[in-house]
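J.: pasting a predicted model and its sequence here:
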Amino acid sequence: ETGVTQTPRHLVMGMTNKKSLKCEQHLGHNAMYWYKQSAKKPLELMFVYSLEERVENNSVPSRFSPECPNSSHLFLHLHTLQPEDSALYLCASSQDWSGGNIQYFGAGTRLSVL
Amino acid sequence: GQQLNQSPQSMFIQEGEDVSMNCTSSSIFNTWLWYKQDPGEGPVLLIALYKAGELTSNGRLTAQFGITRKDSFLNISASIPSDVGIYFCAGHRGNTGKLIFGQGTTLQVKP
């Protein structure tokens, strides 16, 4: 148990659906992250929130929309996804958004887009 | 770009053997982290390194922060079947919390 909980663990959706991924951390951290993990590729950073403000957006398509209502919760809203968006989506948190901070990961949501 | 080259890509070894993997970069890193990812789970931190030359152990695992600050290695001694998984190196550059990840080393252990 890393203190970072992601739901759902598995999600299958059609290209016209709208769904949301949820992440909750119980570590008292101030920074939260979304990553995409595809087979045979390094983890790709998507978004970073620090103190509920978005501080990093790595050219992610607008069909992915993050939301951070408070420092403990992070959402990733999905709409009109493409099959190539199928991947493991990982949430992480760290004490704050500065160098040297360890990131703690959730177990991920395995997303399949049909 | 800010890439980490991790090798080997995969390893298939006999139980009891020692394992060594490494990460290299053309850029200097301020922190090196080693994570392990089991199937269907997220990465879990194994070892964190903060100073050039630092050598740190965690049970059968030993990792070192290269003296040039451009590389790091991870050794696993006397491997056991539960060591199976994907091992990632990651590092911090600059002042932000942005982590650069290696491509991962997939380890398989034959009992």
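T.: Perfect, I can see it now.
J.: isn't residue A:16 up against residue A:80?
T.: Yes: in this structure, residue A:16 sits in contact with residue A:80. The criterion is C-beta atoms under 8 Å, and the distance is 6.5 Å. (Each C-beta comes from the backbone N, C-alpha and C, glycine too.)
J.: can you give me how far the helix or strand of chain B with the lowest mean pLDDT is from the chain middle?
T.: Least confident helix or strand, chain B: strand B:99-101 with a mean of 93, by mean pLDDT, DSSP states H and E. When C-alpha coordinates are averaged (C-alpha atoms, centre = their mean, to the nearest Å), strand B:99-101 and its chain have centres 12 Å apart.
J.: neighbours of the residue in chain B that chain A sits nearest to, how many?
T.: Here the residue of chain B nearest chain A is residue B:42; by C-beta to the nearest C-beta that distance is 3.5 Å. When counting by other C-beta atoms under 10 Å in any protein chain shown, one arrives at 22 neighbours for residue B:42.
J.: cool, residue A:90 as well?
T.: Residue A:90 is surrounded by 26 other residues when neighbours are defined as other C-beta under 10 Å.
J.: for it, what are its contacts?
T.: With contacts defined as C-beta atoms under 8 Å, 6 or more residues apart in numbering or on different chains, residue A:90 is in contact with A:6, A:34, A:35, A:36, A:37, A:43, A:105, A:106, A:108, B:42, B:43.
J.: SS state for it?
T.: When states are read from DSSP: H, G, I helix; E, B strand; the rest coil, the local structure at residue A:90 comes out as strand.
J.: hey, what's it bridged with?
T.: Counting by DSSP bridges, residue A:90 is bridged to residue A:35.
J.: ditto for residue A:109
T.: Bridge pairing for residue A:109 (DSSP bridges) gives the partners residue A:89.
J.: ok, it - contacts?
T.: A:6, A:7, A:8, A:9, A:10, A:11, A:21, A:88, A:89.
J.: roughly how far does the second one sit from residue B:97?
T.: Residue A:7 sits 24 Å away from residue B:97 when distances are taken as C-beta to C-beta, to the nearest Å.
J.: brilliant, that's me finished.
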